[in-house]
Structure formats: C-alpha cells, structure tokens
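# What shape does this take:
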Amino acid sequence: MVIKLSHIPPRVATGAFILNSGIGKVGIDQESAAYMQQMAAGVFPQAGQLDPEKFGKILSAVEISLGSLLLVPFVPSRLAGLALAGFSAGLLAMYLKTEGMTEKDGVRPTQAGTPVAKDVWMLGIALGLILDSPKKRK
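Numbers count the residues shown, from 1 in each chain. Okay, here's the model as predicted:
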C-alpha cells in the first residue's frame, strides 16, 4: 500500500473540499476572480500582472489538481502533504498580509478573516501527512 490507512480520512476530506472549490471556480465571474487576484497579489505580486479571468482559470486548475492529487491513492502521502503544505501556506500568508483579515494583534481573525484563517487546518493535515509518512529505505 502506498499510503497508510490512517492517511485516508484526512486526504479524502481535504481533497474533496479543495476539488469542489476548484470545480466551483471553473466558470468564475470576472468580479470574483479580480477580488481573489487582489488578495493573492498581496503575497504574490506576479498574480497581479495576470488578467483576472486567466487568474481565475489558473486558480481553478490548481485547486482541481491538488484536490485530485490528495484523492488518488497511488500518490504517496509525503508528496501529497508537501503539495498541500505549499498551497495552505500561501493561503495563510494571504490571510496574514491582507488588511482587514486580522485583529490588531495581526493573528486573530476578524469576521472577514475567519473564512481564510480556518484554512490553518489544511496546514496541520499537510504536516501530519509529511511527518507520519515512512521514508524510503535504500
């Protein structure tokens, strides 16, 4: 077996959630794509250089790819965890850098920041998959 039995629940839950999010963005409207692009550009300035429609398509493709990667059992958990860690770290960086998402302490979420701050669970799952995966033996 490529993945541990205990990795299946967090991979399925996270993968299905991200896959659904990506599918929901397939036909994203210009206004919504521009809003997400603006938040992403606060962390990744290159994102601001794209056309909002192209940004929306890329974001949708990334989420569909990552969700699928987590759901297929032949992808090792360490690899799936590394991909999820990169994605969730980007979301958390966006949360921390976007004005109005955090309280004055810079960490606790405002009402507007709660939908993004909750993504910390994805980073926790990613770290669990990475740390709990057996290393290849030579």
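
# What is the lowest-mean-pLDDT helix or strand in the chain packed up against?
The weakest-scoring helix or strand in the chain, judged by mean pLDDT, DSSP states H and E, is helix 114-117 (a mean of 87). Taking 3 or more C-beta pairs under 8 Å, 6 or more residues apart in numbering; DSSP states H and E as contact, the helices and strands that helix 114-117 lies on are helix 77-97. Backbone N, C-alpha and C define where each C-beta goes, glycine included.

# Sort out which residues of the helix it packs on are buried, please.
Buried residues in helix 77-97, counted by 16 or more other C-beta atoms under 10 Å: 77-78, 80-81, 83-85, 87-88, 91-92, 94-96.

# Can I get that helix as CSV, trimmed to CA atoms?
Presented in CSV, the C-alpha positions along helix 77-97 are these (Å, rounded to 0.1, in the frame of the first residue of the first chain):
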residue,chain,number,x,y,z
SER,A,77,1.2,10.8,1.3
ARG,A,78,4.6,12.7,1.7
LEU,A,79,4.2,14.1,-1.8
ALA,A,80,0.5,15.0,-1.3
GLY,A,81,1.4,16.6,2.1
LEU,A,82,4.2,18.7,0.6
ALA,A,83,1.8,20.0,-2.2
LEU,A,84,-0.9,20.7,0.4
ALA,A,85,1.6,22.5,2.7
GLY,A,86,2.7,24.8,-0.1
PHE,A,87,-0.9,25.6,-1.0
SER,A,88,-2.1,26.1,2.6
ALA,A,89,1.0,28.2,3.5
GLY,A,90,0.1,30.5,0.6
LEU,A,91,-3.4,30.9,1.8
LEU,A,92,-2.2,31.6,5.4
ALA,A,93,0.3,34.2,4.1
MET,A,94,-2.5,35.8,2.2
TYR,A,95,-4.6,35.9,5.4
LEU,A,96,-1.9,37.4,7.4
LYS,A,97,-1.0,40.1,4.8
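
# roughly how far apart are residue 29 and residue 56?
Separation of residue 29 from residue 56 (C-beta to C-beta, to the nearest Å): 8 Å.
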